[in-house]
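> with the sequence up front, the predicted model follows.
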Amino acid sequence: MVFEKYDHVGAKLGKELMKASTWALLFALFGIGGYIWIRFDWMFSVASWIALAYDCSALILFFSLFYQEIGEGAMVAFLVTAGYSVNDTVIVFDRIRENRGYKKNLSCAELVDLSINETLSRTVLTSMTTLAALLVLYILGGSVIATYSLPMIIGIASGTISSILIAAPVFYLLSQFDRKKRAEGF
C-alpha cells in the first residue's frame with residue numbers, strides 16, 4: 001500500500017487559515033497585555049505591548065528580507081516569541097516592582113537599572129541555552145524543522161533584546177511622563 005503525501009492548501013483555505021491565525025495572535029497579544037495591566041500597572045502593560053510590537057516587527061522583517069513564507073510556522077514563531085518575550089519582560093518588571101517596595105531611596109532610573117542588572121545574568125543564560133537548543137535543531141533537524149527553528153531563533157534573540165533594552169526603558173519613560181502629569185494636577 002502506497003500513501004501519497006498531499007500538502008497543498010488552496011487559496012481560500014489558506015486565506016482562512018491566515019485570518020484565523022492572525023486573530024489568534026492578536027487575541028494572545030492583547031490577552032498578555034491585559035494580564036500585565038491587571039497584575040502590574042498600565043505603564044508596564046504599555047511597555048510590554050511596545051516590546052511585543054518590536055518582536056513582531058523583527059520577525060516580519062526577517063520573513064520579508066529572506067523571502068520566507070508566512071504560514072503556520074510563522075504563526076508558531078510569533079506566538080513562541082511573544083510568550084518568551086513576555087516571560088522575560090515580566091521577570092524584569094517583577095523585579096522593578098519588588099525593588100520599588102524595598103529601595104524607596106532610589107530614583108526611578110536607578111531602580112530600573114538595578115532591576116535590569118539583577119535579572120541580566122538569568123535572562124542571558126536562559127536565552128543562550130534556548131538559542132543553543134534551537135541552533136542544534138536548525139542544523140541537525142532537517143529542512144522541515146529548520147523552517148520552524150530559524151524564525152524562533154530570530155524571535156528568541158529579539159525577545160531577549162526587547163525585554164532588556166525596550167520594555168524597561170519604555171516603562172521608565174512612561175513613569176516619568178506619569179509623574180509629570182501628576183505634578184501638574186492632571
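Sure thing, it's come through.

> quick one: the helices in the protein?
Assigned by DSSP state H, the helices in the chain fall at 11-39, 42-65, 72-102, 108-140, 142-162, 168-184.

> list the contacts of the last one.
What it means is helix 168-184. 43-44, 46-47, 50-51, 92-93, 96, 108-109, 112, 115-116 (CB atoms under 8 Å, 6 or more residues apart in numbering). The C-beta positions use only the backbone N, C-alpha and C, and glycine is treated the same way.

> tilt between that helix and helix 42-65?
Going by axes from the mean of the first three to the mean of the last three CA atoms, to 10 degrees, helix 168-184 is angled at 140 degrees with respect to helix 42-65.

> give me the mean pLDDT for helix 168-184.
Regarding helix 168-184, the rounded mean pLDDT is 85.

> need the helices of the chain in a markdown table (columns: mean neighbour count).
Output for those, formatted as a markdown table (neighbours: other CB atoms under 10 Å):
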| stretch | mean neighbour count |
| --- | --- |
| helix 11-39 | 13 |
| helix 42-65 | 19 |
| helix 72-102 | 19 |
| helix 108-140 | 15 |
| helix 142-162 | 20 |
| helix 168-184 | 15 |
